[in-house]
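Visitor: Generate coordinates for the sequence data below:
(chains A and B)
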There are 2 protein chains.
Amino acid sequence: MQQTATIITIGDELLIGQVIDTNSAWMAQQLNDLGIEVRRRIAIADDKAAIVAALNEELPRCDFLLLTGGLGPTADDITKPVLAEYFGGKLVIDPVVLEHVQSFFKKRNRPMLERNTQQAAVPDCATVLFNKLGTAPGMWFERDGKVVISLPGVPFEMMYLMEQQVLPRLKPRMLGGVMVHQSIITAGEGESYLAEKIVDLEAELPKHIKLAYLPAAGMVRLRLSGKGDDELRLLEEMTAHRDRIVERLRYCVLSQEDLPLEQLVGQSYIDRGKTIGLVESCTGGGIANRFTQMSGSSRFFNGSLVCYQTELKKSMLGVPEELISTHTVYSEPVALAMAKSAARLMASDVGFGITGLLEKEDMDGIPGGTVCMAAVDGDREQCYTVHCWSDRIRNKEIAITHALLFLWKFINHR
Amino acid sequence: MQQTATIITIGDELLIGQVIDTNSAWMAQQLNDLGIEVRRRIAIADDKAAIVAALNEELPRCDFLLLTGGLGPTADDITKPVLAEYFGGKLVIDPVVLEHVQSFFKKRNRPMLERNTQQAAVPDCATVLFNKLGTAPGMWFERDGKVVISLPGVPFEMMYLMEQQVLPRLKPRMLGGVMVHQSIITAGEGESYLAEKIVDLEAELPKHIKLAYLPAAGMVRLRLSGKGDDELRLLEEMTAHRDRIVERLRYCVLSQEDLPLEQLVGQSYIDRGKTIGLVESCTGGGIANRFTQMSGSSRFFNGSLVCYQTELKKSMLGVPEELISTHTVYSEPVALAMAKSAARLMASDVGFGITGLLEKEDMDGIPGGTVCMAAVDGDREQCYTVHCWSDRIRNKEIAITHALLFLWKFINHR
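Guide: Residues are numbered from 1 along each chain as shown, chains lettered A, B, ... in the order given. The predicted structure is shown next:
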């Protein structure tokens, strides 16, 4: 049976757009893995009436209600007293939590204030979820077979509590419903075209397996999401459908794993035993930053020289002055010279260079958004130009995505 | 009078955690600037019953209901027909949108499919919000004085439509309520301590001005949020409160503008006419990437050498072998040598180096999470070591934040 959850995030900062909510996505993934379907996600203010209304409305339509935020030591944090009152409990100091909070401040040589003592207060009707990483404990309430879980909004504390306290307690309550997601990452075709190519295969999908299309710059991610009671049978069924789709779309399929693009690229270079070195101009370290997000990237990534000044391109990279004056700095010949320098300076098998004009506005006859890139591997050379259509910040993201795609194609001879 | 909005994001990808919702935060900022308070943000599935339920529940409690997502050309996109039915309209092809969609495919040399023609269909009870950047038009519905606005989920299309079509239409409907946010960015003290220092000032705040605390690695952002009808009077009132808080917390105030840390750092270097060059090891281009997010960063940022291999530290940077073998590669002396190389290689006034062990696990006697950094400016030198407490990915973020804070303090002699 499919069990369901609602995630409620509490905090004015979410409603004024000061903070982007990354907690809910992570929590949803963890809940899905257990077989729990997240039906709704809600953000509300640090406001008693708003919290009570959300509890009243969401409790009847889910099995598990997860809340984050509003557990800090300052006056704007009201989640704990509101929950205590809602569930008819009163706040009492938990001695174990108190000792932890005290040692927390002692270790940091900070004075312990009365408001910190109050962080050790928990409703007597809740189970305390001990928070080793912070001063705000999580809380677990039950009523009429429903579970309400309150966690701090600080991401690493929330993640710690989910992993150590929440998921292990949820596991034995699972009734056997499973959710499975499978992905097909494609590049080079639009979603309409892909949908048309597999229109018959999509029509054949049973009701409990849904197909979704997620387009991004130069790529479309297809996702099959299935629900069922028998995990092995569901997996088998979904894999059969996926295989038919992959077979049909073969020439534009990058991967059947929903991994970040930098991991797909990294894995390809590791598989071929090739190292890579970058010279980045317009992407400003953004490609290096993506590669170094993955653990073990030192197995293929040697480094990047972020050259944000044209002068440095000449002095450090040895890009000839006349190459720049003939072709402009935003050109494939300059990108190629940068790629060669990258291979040499970073002592890498493959060298990559990227240069471009991210601003919307044209400059020196170059259309705004023009980005040129090149890769070299021994005497194999390849260049590519992409025209980004947006503003500076978004063009940088688009350029990074196209650079990663280009590096994937280069190493895979596609 | 305070007008209110609810933002509904539609898409299974949001509920399984495949995608992080960045749209809502941006939309909330824009609405706040107009004086519209966002009371609730909701994410729901591509599911007719879920969409109808959300419309029924949210419409009575807001003036403006903004929806994003579910407008694409594939079968999982159902927002448009659901809205047409909900508002009692029928879908008809809009000739202007059709011509635009046709030219869209023609320009890209792609076949135009029947499903693309359908993207030009709009409910006859809606005002079309013409989408120059994509094939899915936005829609504007009105009923009983309430406005419902449906926008595509692709961020740059949503932003374009908000700026060009939605906000100009909302502006004349504003009834004069204003919302103002003011920020105080602090570093070096915890939120409990700050709250205690200004407990009397917080008690003096009138009901229509709220104070919130947003803690992050090494920093706390204080935010005053005010509501009122007279913008000038509200601003004056808030500024008086803010000035008293700033006066009290002076020694740990970084800024009174809620800018990303990299902009505060960048502005300090620009103000002093100093350029900066980096050598990054553990942050892997993350600092360069943050600097190059800001327009005009070339005014102070010369570049970064991302050295992801110890060998490169020796060969490119000239860090002496014995310095590494004596102190290990994760040490202040090595960071200092990197900083000196950074100033030289990047021809910068200020050189910065960072090296550390991001993994949780200890290595060669170095505790996991140890990050060492150093800066040089002529013969002024400074080193700093931070112990990050989390996993690899989050430690990288913590290291970047501390590096930016360190660079801010270094240039400001704090």
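Visitor: Nearest spatial neighbour of residue A:63, chain-adjacent residues omitted?
Guide: Sequence neighbours aside, residue A:3 is the residue nearest to residue A:63 in space, at 4.5 Å (criterion: Cβ to Cβ, 6 or more residues apart in numbering or on different chains). Bear in mind the C-beta positions are built from the backbone N, C-alpha and C, glycine included.
Visitor: pLDDT score assigned to that neighbour?
Guide: For residue A:3, the model assigns a pLDDT of 95.
Visitor: And residue A:104, by the same measure?
Guide: 86.
Visitor: Would you double-check that residue A:215 falls in a helix?
Guide: No. Judged by DSSP: H, G, I helix; E, B strand; the rest coil, residue A:215 forms no part of a helix; its state is strand.
Visitor: quick one: it and residue A:187 touch, right?
Guide: No. Residue A:215 is beyond contact range of residue A:187, at 11.1 Å (criterion: Cβ atoms under 8 Å).
Visitor: quick one on the thing from earlier: wait, the residue nearest to residue A:63 sits on residue A:38?
Guide: No. Counting by Cβ under 8 Å, residue A:3 does not reach residue A:38; the two are 10.6 Å apart.
Visitor: Looking at those two, which is more packed in?
Guide: Between residue A:3 and residue A:38, counting by other Cβ atoms under 10 Å in any protein chain shown, residue A:38 is the more crowded of the two (27 against 18).
Visitor: ok, that one to residue A:45 distance?
Guide: For residue A:38, the distance to residue A:45 equals 21 Å [Cβ to Cβ, to the nearest Å].
Visitor: Within range of chain B, give me the residues from the stretch 51-200 of chain A.
Guide: Contact residues (Cβ under 8 Å from any Cβ of the partner chain) of the stretch 51-200 of chain A with chain B: A:57, A:72-76, A:110-111, A:113, A:115-116, A:133, A:154-156, A:179, A:181, A:190-193, A:195-196.
Visitor: how about 6 Å then?
Guide: Within the stretch 51-200 of chain A, the positions near chain B by Cβ under 6 Å from any Cβ of the partner chain are A:73-74, A:76, A:113, A:115-116, A:156, A:191-192, A:195-196.
Visitor: Does the closest residue to residue A:94 other than its chain neighbours have any beta-bridge partners, and if so which?
Guide: Distances taken as Cβ to Cβ, 6+ apart put residue A:122 closest to residue A:94, at 5.0 Å, once the chain neighbours are dropped. Residues in a beta bridge with residue A:122, per DSSP bridges, are residue A:92.
Visitor: all strands of the stretch 201-350 of chain A, in order?
Guide: Using DSSP state E, counting those that start in this stretch, the strands of the stretch 201-350 of chain A run over A:209-216, A:219-228, A:253-255, A:276-280, A:301-307, A:350-356.
Visitor: what is the mean pLDDT for the helix or strand just after the last one?
Guide: Read that as strand A:350-356. Downstream of strand A:350-356, the next assigned helix or strand under DSSP states H and E is strand A:370-377. Strand A:370-377 shows a mean pLDDT of 98.
Visitor: partners of strand A:370-377 in the sheet?
Guide: strand A:350-356 (antiparallel), strand A:380-387 (antiparallel).
Visitor: and those strands, which is most packed in?
Guide: Of all the strands paired with strand A:370-377, strand A:350-356 has the most neighbours on average by mean count of other Cβ atoms under 10 Å in any protein chain shown, namely a mean of 28.
Visitor: Between strand A:301-307 and that strand, find me the angle.
Guide: Per axes from the mean of the first three to the mean of the last three Cα atoms, to 10 degrees, the angle that strand A:350-356 makes with strand A:301-307 is 30 degrees.
Visitor: which one is residue A:410 nearest to, not counting chain neighbours?
Guide: In space, and not counting its chain neighbours, residue A:410 is closest to residue A:375: 4.6 Å by Cβ to Cβ, 6+ apart.
Visitor: Is the one you found in contact with residue A:349, as I believe?
Guide: No. Using Cβ atoms under 6 Å as the test, residue A:375 is too far from residue A:349 to be in contact (10.7 Å).
Visitor: so what sits against both of these two?
Guide: Counting by Cβ atoms under 6 Å, 6 or more residues apart in numbering or on different chains, residue A:375 and residue A:349 have no common neighbour.
Visitor: neighbour-wise, which of the two wins?
Guide: residue A:375 (27 against 19).
Visitor: What residues are bridge-paired with that one?
Guide: residue A:352, residue A:382.
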